[in-house]
Each structure stands twice: as structure tokens, then as C-alpha cells.
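Colleague: Sequence and computational prediction follow.
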Amino acid sequence: MEKYDVLVVGGGPAGYPAAIRAAQNGAKVAIIERDKFGGECTNYGCIPTKALLKGAKVAEELNRYPFVKGGVSIDFKELMRWVGRVSSRSSRGVEYLLKGYGVEIYRGEARFKDVKTVKVGDKELHGDKVILALGSRPIDIPGFPVDGERIHNNRTILGIDEKPGSIAIIGAGYIGVEYATVFSSLGSEVFLIELLERVLPLMDKDFSRLMDKILRRRGVKIYTGVKAEKPEIGGDGVSIRLSNGDVINVDIVLVAVGRRPNSEGLDGLGVRLDEKGFVIVDDMMMTNVDGVYAAGDLAGQPMLAHKAFLEGVIAGENASGGEIYKVSKFIPSVVYTEPELVSVGYTLEAALDNGIKAEEKLYPIGGVAKAYIEGMTEGFVKMVVDGEGSIYGIHIAAPNASELAGEATYLLETRSTVEDVALTVHPHPTISEALKEAAEYIIGRPYHYLLK
Ligand code: NAI
């Protein structure tokens, strides 16, 4: 049996930072991964989808300008090959880092003998401390068996090498709207089907409104408040009956109705789970079992890579003799549509529900010169503020808004006021000016916006 100070199970965005942090603290560390290092994010989520979005947007962006002549088109096979290369480069980068920090790597399925003893192939490993970073997987819906041919999930869709003529996307959450953006940019006919009353139903209502309008304008057929019934899979496509009586015929289907944690069997090892199957952890990321930690998607919502990084580092630190806590943190959400969406902190509804006397102020992105240069003037910066100028939430819809998510989060973390933002020089011309302009607008003295 091989013995380690810290044994990390899972090599995704929670597991690999955990292993690296523990190794930095001088612990003898091993990590087990059954697939590729970097996990869902690097190989099937964040990285390839953002590469795909970039690729799909390139031609569309160029064709938007009147001085581009002749039209630019995309070679889909080459695009998918490039997406694959971007992912494998990131995955190799993770492995390089792990090795560089002296973490021992084991490949294969981890089979638990007990919560601190794991078999991988014919090897048996024991961790004095164990970090569970097993991640999550897509939820299936009854009647839509993912076969990787006609019915896809976020993993299998990356294996297609021919652009679909038409696609039905079930679920208009993050994955749904991002893929609706990809395939409408590429010229596929897109149907987007959402059970709830609006696209991005869990986000700010103005995001839903904007995205609904923009996706429809791109030709996406949106069905909200509608359920997809059992499909009929034929030789050359899929026929789906919707709960409103419509029938749609498409080449392929993408199911994107959420994810669930890979926590099966953990309760049998004595690790306590909540009613949704997430591992329950304390603010040091420790489970109910002494010396056993959990981090990332396995340890609860939101299932985002940057939240997993944060938790991985906390678990890694605490498993290797440190003592740090996960205090209340602002976790930004970013949706890489066109324009991109960023949300951090409270929506107005959430602020009011929490007893804050807040209001929301919306500044249109069209007031910012760089938006014209980017060729995208639809969008806004919305701040949820109180009468004292305290900021409780920032919601941005703008070209390259993802690059402002860090600043928006920093403003909330540092409890900056509207005045602080207004007094901070933002370079011109940049999209970041929208934050300052919005602050000046809230104070009542904008100079790139006419108050009526
Ligand atoms: P999601 O939870 O964001 O959205 C799923 C949507 O499907 C919801 O709007 C839900 O109402 C709808 N739905 C559920 N059952 C349905 C049914 N039977 N018919 C029609 N609609 C139905 O989940 P999604 O998009 O699958 O993404 C999973 C997770 O992955 C996200 O919660 C997020 O944590 C992560 N992710 C993050 C991204 C980012 O940060 N940009 C991008 C993609 C995924």
C-alpha cells in the first residue's frame, strides 16, 4: 500500500489546485484521475465551449463590418480540431503543473475500500487526509437517451465534426444559450426549448429580455414555458413533440437541463450528503468525517470553475496543516453569449428579499464609445444600490463583459461605493468605462448621457 499525507480524488478545477496547494505546503501528495486532467471545465466545459464560441463569433464579427467584402466563412471540421487542441493544451498544462510541484499522478477509476483507502488498478493508496473532488455530470431527461449521434450532452456535442443543419437545444440555462449562440453564428437552424417562462430563468430579468431579443433576431426559435416530449429518432433526424402541440424536426438534439454531483456511494462511506446529493462541508471544506474534505461541484452550487478553484485551495491548505476558512465570497457568473453577461452579487429581487432597501439603476452600453468600435451597442451596466451609494449587485451585458467580471467582483469584495467607482479613472476608450459611467449616472451627473 502506498501512503500519502494527502490523497486527492479527481483532477478537475477543485482537485488540481487542492493537490498543488498541499504540495506547496510540503505534504506528500497523490492525485487520481480517470479521464483527462483539468476535468469537465478544461476538457468538456469552460475551455472548449469558449474556444468554440470564439471560433463561431469570428466570422460573424468580421461580416458585421461594412468594409469586409465577400463574406467570411468557417470550416467546421477545422474549428472543432482547433477547439480540441486548445483543450488538450490546457489539460497538458495542468499535468505539467502537478508534476512540477511533485504531486504523484495515478490514472484510473478510484474504487474506495474505505473513505481514506482507494484502489486504482492494482494499486492501493492511503491518504492521511483525503480531498474528494469528484465533480458533476449532466442530468439526463427521460425519453432522451444520450447516444452521441442524434442526442447529445455537453460532452458528446464536442465530438461532432459536421455542422448540424438544425439543432434542438433543451434547456435555456448557461449551456443552452451559449450553444444557441454558437450554432446560430454558424448558420444552423436552432430551436431553444425552456421549461420555465423565460430564457436564463435564474438570472436577472433584463438579461433574459435582452437575450431573448438577440437570439430571436439571430433566427433562433425560442419556446418558453414548454416541455419537450418523447422524441422519435429516425434515420435522418429527430422529431420532437412539444407540450404546446408543435412538432419540430431536427438533425440533432442537445440536452442541457443542468448537472448533478458525482456523489453516489459516498454516503455508504459515511460522508454526509444533502437532499440534492451534494457533500455537506464546513467552512474549512471538511466533511463530517475527520480529515476528509470535499470541494468544487461535489460540494454544492454554483457549479463554476472559479468557485472550485477557491474551494480546492482551501481544502488543500487545510489538509496540509494550514487553517483557512471559506468566508462569504462573491462568486461572479459569466455567460459567454453575444454580448457577454456578467452577474455578481444580488439581483434587485434578492436584495429586497434580504431586507435591503435597494433599487436598480440601468445604464445603456450605447453611451460608451468602445461599444461602437466593437460593433455591439446593445447592453447595459446595472447596479443594485441603496440611497447611501452602497453597491449590492452588478450586472453587465456588454461586448467582452467577461473581462470586467473581476473588477465588478472586486468592487463588491471591497465594499466600494458608487462614488468610489465614479472617482476611479477608467481608460478611454474601453468597455470598462461603462462601470464608471454607470456610477456617474447613478450619482446624477453623467457627462456621456443626457439626463432628461
Ligand atoms: P442550468 O441549470 O444553467 O440550466 C438548465 C435549464 O434547463 C434551466 O433553465 C431549466 O429550467 C431548464 N430545464 C430543466 N428541465 C427541462 C426540460 N425538461 N425541458 C426544458 N427545459 C428544462 O444548466 P446547464 O445549462 O445545463 O449548465 C449546467 C451548469 O454548468 C450550470 O449551472 C453552470 O454551473 C455550469 N456552466 C457554466 C457556464 C459558464 O459559467 N459560462 C457555461 C455552461 C455551464
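Modeller: That came through fine. If you're wondering where the values come from, they're calculated on a predicted model, not measured in any experiment.

Colleague: Kindly report the residues of the stretch 1-150 of the chain close to the ligand.
Modeller: Taking CB under 6 Å from any ligand atom as the contact definition, the stretch 1-150 of the chain meets the ligand at 45, 141. From N, CA and C alone the C-beta is placed, and that goes for glycine too.

Colleague: which SS class is whichever residue of the stretch 1-150 of the chain sits closest to the ligand?
Modeller: Among all residues of the stretch 1-150 of the chain, residue 141 sits closest to the ligand, at 4.9 Å; criterion: CB to the nearest ligand atom. When classified by DSSP: H, G, I helix; E, B strand; the rest coil, residue 141 comes out as coil.

Colleague: What is the burial count for it?
Modeller: Per other CB atoms under 10 Å, the neighbour tally for residue 141 reads 18.

Colleague: Give me the phi and psi for it.
Modeller: Backbone torsions of residue 141, given as degrees, to the nearest 10, read phi -120, psi 140.

Colleague: same check, this time on residue 240
Modeller: Per-residue torsions, residue 240: phi -120, psi 130 (degrees, to the nearest 10).

Colleague: Specify the beta-bridge partners of it.
Modeller: Residue 240 forms beta bridges with residue 231, residue 248, as assigned by DSSP bridges.

Colleague: What score does it have for pLDDT?
Modeller: Here the pLDDT value assigned to residue 240 is 97.

Colleague: Run a quick check on it versus residue 229, I expect a contact.
Modeller: Yes: when contacts are counted by CB atoms under 8 Å, residue 240 is listed as touching residue 229 (7.1 Å).

Colleague: more neighbours, the two?
Modeller: Comparing residue 240 with residue 229 by other CB under 10 Å, the one with more neighbours is residue 240, at 23 against 12.

Colleague: Only alpha carbons, please: show stretch 355-370 as PDB.
Modeller: Coordinates of each C-alpha in stretch 355-370 appear next as PDB, following Å, rounded to 0.1, in the frame of the first residue of the first chain:
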ATOM      1  CA  GLY A 355     -34.400  43.300   3.600                       C
ATOM      2  CA  ILE A 356     -32.100  45.800   1.800                       C
ATOM      3  CA  LYS A 357     -33.800  49.000   0.700                       C
ATOM      4  CA  ALA A 358     -32.300  48.800  -2.700                       C
ATOM      5  CA  GLU A 359     -33.100  50.000  -6.200                       C
ATOM      6  CA  GLU A 360     -31.600  49.200  -9.500                       C
ATOM      7  CA  LYS A 361     -30.100  51.600 -12.000                       C
ATOM      8  CA  LEU A 362     -29.500  50.700 -15.600                       C
ATOM      9  CA  TYR A 363     -27.000  52.500 -17.800                       C
ATOM     10  CA  PRO A 364     -27.100  51.600 -21.500                       C
ATOM     11  CA  ILE A 365     -23.900  50.400 -23.000                       C
ATOM     12  CA  GLY A 366     -24.600  52.500 -26.100                       C
ATOM     13  CA  GLY A 367     -23.200  55.500 -24.100                       C
ATOM     14  CA  VAL A 368     -19.700  54.000 -24.300                       C
ATOM     15  CA  ALA A 369     -17.700  54.800 -27.400                       C
ATOM     16  CA  LYS A 370     -15.800  51.400 -27.400                       C
END
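
Colleague: If you count neighbours, what's buried in it?
Modeller: By neighbour count on 16 or more other CB atoms under 10 Å, the buried set for stretch 355-370 is 356, 358, 360, 361, 363, 364, 365, 366, 367, 368, 370.

Colleague: what do you get for stretch 382-390?
Modeller: Under 16+ other CB under 10 Å, the buried positions of stretch 382-390 are 382, 383, 384, 385, 389.

Colleague: and the residues you listed as a markdown table, adding secondary structure, distance to residue 439 and pLDDT?
Modeller: Formatted as a markdown table, the buried residues of stretch 382-390 follow (DSSP: H, G, I helix; E, B strand; the rest coil; distance: CB to CB, whole Å; pLDDT from 0 to 100):
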| residue | secondary structure | distance to residue 439 | pLDDT |
| --- | --- | --- | --- |
| 382 | strand | 12 | 98 |
| 383 | strand | 7 | 98 |
| 384 | strand | 13 | 98 |
| 385 | strand | 9 | 98 |
| 389 | coil | 9 | 97 |
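
Colleague: could I have stretch 427-439 exported to CSV, CA atoms only?
Modeller: The C-alpha coordinates for stretch 427-439 follow below in CSV (Å, rounded to 0.1, in the frame of the first residue of the first chain):
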residue,chain,number,x,y,z
PRO,A,427,-9.1,54.3,-19.6
HIS,A,428,-10.8,55.6,-22.7
PRO,A,429,-11.9,54.1,-25.0
THR,A,430,-12.7,50.8,-23.1
ILE,A,431,-15.8,48.9,-22.3
SER,A,432,-14.7,49.2,-18.6
GLU,A,433,-15.8,52.9,-18.8
ALA,A,434,-19.4,51.6,-18.6
LEU,A,435,-18.9,50.9,-14.9
LYS,A,436,-17.7,54.4,-14.2
GLU,A,437,-20.3,56.0,-16.5
ALA,A,438,-23.0,53.9,-14.7
ALA,A,439,-21.7,55.2,-11.3
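
Colleague: Quick one: mean pLDDT over it.
Modeller: On average, stretch 427-439 scores 97.

Colleague: For the stretch 201-350 of the chain, what lies in contact range of the ligand?
Modeller: So far as CB under 6 Å from any ligand atom goes, the stretch 201-350 of the chain lies against the ligand at 201, 227-228, 256-259, 302-304, 334-336.

Colleague: Of those residues, which pair is most distant in space?
Modeller: 227 and 334 (28.2 Å; CB to CB).

Colleague: Next up, phi/psi of the residue positioned nearest the centre of the chain, please.
Modeller: For the chain, the residue nearest the mean C-alpha position is residue 304 (4.9 Å; CA atoms, centre = their mean). With angles defined as degrees, to the nearest 10, residue 304 sits at phi -130, psi 140.

Colleague: what sits against the residue lying closest to it once chain neighbours are set aside?
Modeller: Spatial nearest neighbour of residue 304, chain neighbours left out: residue 331 (6.4 Å); criterion: CB to CB, 6 or more residues apart in numbering. Going by CB atoms under 8 Å, 6 or more residues apart in numbering, residue 331 touches 302, 304, 306, 307, 310, 344, 409.
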